[in-house]
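> Give me the fold of what follows.
(chains A and B)
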Amino acid sequence: MIDELVRYFSSPSYREVLLSSLGQHVYLSLVPLLLGVLVAVPLGRFAQRAPRARAALLGSANVVYTVPSLALFVIIPAVVGTGATDSINVVIALTIYNAALLVRPVMEGLASVPGHVVTAATALGYRPARRFFAVEVPLALPVLSSALRVASVSNVSLVSVGALIGIGGLGRLFTDGFQRDFLVPIALGIVLTLLLAMAGDLLIVALRRALTPWQRAGGR
Amino acid sequence: MVLDELIAWLHDPNHWLSSSGLLVQCALHLYYCVVSVLAASVIAVPLGLWIGHSGRGAVSVVVVGNSIRALPTLGLVTLFVLLAGIGVLPTLAALVLLAVPPVLSGAVAGVHSVPEEVRDAAKGMGMTPAQQLWQVELPNAAPLLFGGVRTAMLQVVATASVAAYVGLGGLGEILLEGIKIYDYGQTLAAALFIALLAVVLDALLAGASRLLTPRGIRARGRVPARGAA
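Next up, the predicted model:
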């Protein structure tokens, strides 16, 4: 195993594949997460404000989340009109998953903001938009951040499936390893995926701590 | 144009009825999924009930459950097949491995969700520990337990499609073949069937969960956050 590992790393072409796969993996996990938040925040706000639309919105989010990733990756081109092997398909698919996953937590997070805080902000002269971003969203962050952690971990693990349609970040190591009956890239791919998931998770936890200083000050 | 390809592919009866057609592969896919989830439940439900009941090892269930969520399914499947050889069994073992954690955490969370007063009341009525588990904790745990089974089923439907890459039959085989021969109609048809299978199975399990949950506690149950599919 050690010999094989050395053999793997001594080849410049392998190292190059490894680095570019890693870079692509980070890109394909991160961009959909950011886009997913951008989609989920207005949708969650809407669901919170419009109880009638809530059931339909959350219900369809549930159904979307049920569709297996490989299927969604190849359905997207038919719906959006992108090329069948374009990496944008993976970005769109994961964005949809993340938005579906985050709608409910956004709604619940916003609903958890105490009414008197919102009223106080209004009384202090905050206009609705500023109040939303400066008061309500920050107070919803604790609820939101645990959902973000789930979304980021699931992205990191799902990107690899894209290797089956030719865009898979570290997933490429799995198909490579399988085709050449070579265990090292597969094991390496799994370890790197787990490390990446862990790094993303720690980053979100750190961001949450930095953005919600009042929680550390003991009670709110 | 895309739709034309899809309709043209679906219009050929051979694509439905041949020995590697949609119907046979769909049945095979369903069979693998049901077998894996059943096997996982046989392992995870008793274990989860025991962990929840005794309170031992509950933390490690959470940790293991979270790290399995990060495992790339394609990596796991290729790893199992390279280690144990091509075949249905190593692949099914990988599916079972992925299905165990959600069922396990569903069972543990279910038992933990039983209110302390309910447990005390059962004890106060003179129930033996076995009676408490079977007549009080298990029915109360049902909604969350079923939530775990649903998550496991979705995980397995998705992973079984991916596992077509290492030779597991099922709808994934049709999908990947379509990619290989640049027949997008075929790929899309298979993908739609996979999506349909997942949605239908999830709905069936949701129905079963409602039927098997005692009426008195139905209102309390809520499906926990789903794992990645």
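> C-alpha from now on. contacts and neighbour counts both.
Will do.
> Now the most centrally placed residue in chain B: which helix or strand?
For chain B, the residue nearest the mean C-alpha position is B:M153 (1.6 Å; C-alpha atoms, centre = their mean). Here B:M153 sits within helix B:138-162, counting by DSSP states H and E.
> Show me where the chain dips below the pLDDT cut-off.
Using chain A. Scanning chain A for pLDDT under 70 picks out A:218-220.
> look at chain B instead
Chain B contains residues with pLDDT under 70 at B:218-229.
> nearest residue to A:L173 other than its sequence neighbours?
Nearest residue to A:L173, sequence neighbours excluded (C-alpha to C-alpha, 6 or more residues apart in numbering or on different chains): A:P185, at 5.2 Å.
> In contact with the one you found, which residues are there?
For A:P185, the contacting residues are A:Y8, A:L173, A:F174, A:D176, A:G177, by C-alpha atoms under 8 Å, 6 or more residues apart in numbering or on different chains.
> let's see it at 7 Å
Residues in contact with A:P185 (C-alpha atoms under 7 Å, 6 or more residues apart in numbering or on different chains) are A:L173, A:F174, A:G177.
> what are the ranges of the helices in chain B?
Along chain B, the stretches classed as helices by DSSP state H are B:2-11, B:13-17, B:22-54, B:58-70, B:73-84, B:88-112, B:116-124, B:129-131, B:138-162, B:171-180, B:184-212.
> scratch that, chain A is what I was asking about
Assigned by DSSP H, chain A shows helices spanning A:2-10, A:12-49, A:51-66, A:69-80, A:88-111, A:115-123, A:128-131, A:137-159, A:171-179, A:183-211, A:213-216.
> Could you point out which of these sits nearest B:L89?
Among the helices of chain A, helix A:171-179 comes nearest to B:L89, with 17.2 Å by C-alpha to C-alpha.
> and that closest one, what other elements does it pack with?
If you count contacts as 3 or more C-alpha pairs under 7 Å, 6 or more residues apart in numbering or on different chains; DSSP states H and E, helix A:171-179 packs onto helix A:183-211, helix B:73-84.
> if you set the cut-off to 10 Å instead, what comes out?
Judged by 3 or more C-alpha pairs under 10 Å, 6 or more residues apart in numbering or on different chains; DSSP states H and E, the packing partners of helix A:171-179 are helix A:12-49, helix A:137-159, helix A:183-211, helix B:73-84.
> Which residues belonging to that helix are considered buried?
A:G171, A:R172, A:L173, A:F174, A:T175, A:G177, A:F178 (16 or more other C-alpha atoms under 10 Å in any protein chain shown).
> Kindly report the same for stretch A:128-139.
So stretch A:128-139, judged by 16+ other C-alpha under 10 Å, has buried residues A:R131, A:F132, A:V135, A:E136, A:V137, A:P138, A:L139.
> ditto for stretch B:25-34
If you call a residue buried by 16+ other C-alpha under 10 Å, then stretch B:25-34 has these buried ones: B:Q25, B:C26, B:L28, B:H29, B:L30, B:Y32, B:C33, B:V34.
> and the gap between the fifth one and chain A?
Counting by C-alpha to the nearest C-alpha, to the nearest Å, the gap between B:L30 and chain A amounts to 14 Å.
> list the contacts for that residue?
Applying C-alpha atoms under 10 Å, 6 or more residues apart in numbering or on different chains to B:L30 gives the contacts B:V24, B:S36, B:V156, B:V157, B:A160, B:G170, B:L171, B:I194, B:L197, B:A198, B:L201.
> what about the last one, neighbour count?
B:L201 has 20 neighbours, counted by other C-alpha atoms under 10 Å in any protein chain shown.
> Chain neighbours aside, what residue packs nearest to it?
Using C-alpha to C-alpha, 6+ apart, the closest residue to B:L201 is B:M153 (7.7 Å).
> pretty sure B:P214 is touching B:E137, no?
No: the pair B:P214 and B:E137 does not pass the contact test of C-alpha atoms under 10 Å, sitting 11.9 Å apart.
> more crowded one of those two?
A direct count of neighbours by other C-alpha under 10 Å for B:P214 and B:E137 places B:E137 higher, at 24 against 14.
> Give the closest residue to the more buried one in space, chain neighbours not counted.
B:V111 (5.9 Å).
> got the contact list for that neighbour?
Residues near B:V111 by C-alpha under 10 Å, 6+ apart: B:48-55, B:105, B:133, B:136-142, B:144-145.
> Please repeat the previous calculation with a cut-off of 8 Å.
B:L49, B:G52, B:H53, B:E137, B:L138, B:N140, B:A141 are the contacts of B:V111 under C-alpha under 8 Å, 6+ apart.
> Also B:S36?
B:L92, B:A93, B:L95, B:V96, B:A99, B:V156.
> Quick one: list the elements packing against the helix holding B:M153.
Here helix B:138-162 touches helix A:69-80, helix B:22-54, helix B:73-84, helix B:88-112, helix B:171-180, helix B:184-212, going by 3 or more C-alpha pairs under 8 Å, 6 or more residues apart in numbering or on different chains; DSSP states H and E.
> Would you mind telling me which of these is nearest A:G23?
Closest approach to A:G23 among the helices and strands packed on helix B:138-162 is made by helix B:73-84 (17.8 Å; C-alpha to C-alpha).
> buried set for that closest one?
Of all the residues in helix B:73-84, those buried under the rule 16+ other C-alpha under 10 Å are B:T73, B:L74, B:G75, B:L76, B:V77, B:T78, B:L79, B:F80, B:V81, B:L82.
> I figured the last one hits A:F178, correct?
Yes: with contact defined as C-alpha atoms under 8 Å, B:L82 and A:F178 form a contacting pair (7.1 Å).
> Just the buried positions in stretch B:81-96, please.
Using 16+ other C-alpha under 10 Å as the test for burial, stretch B:81-96 gives B:V81, B:L82, B:P90, B:T91, B:L92, B:A93, B:A94, B:L95, B:V96.
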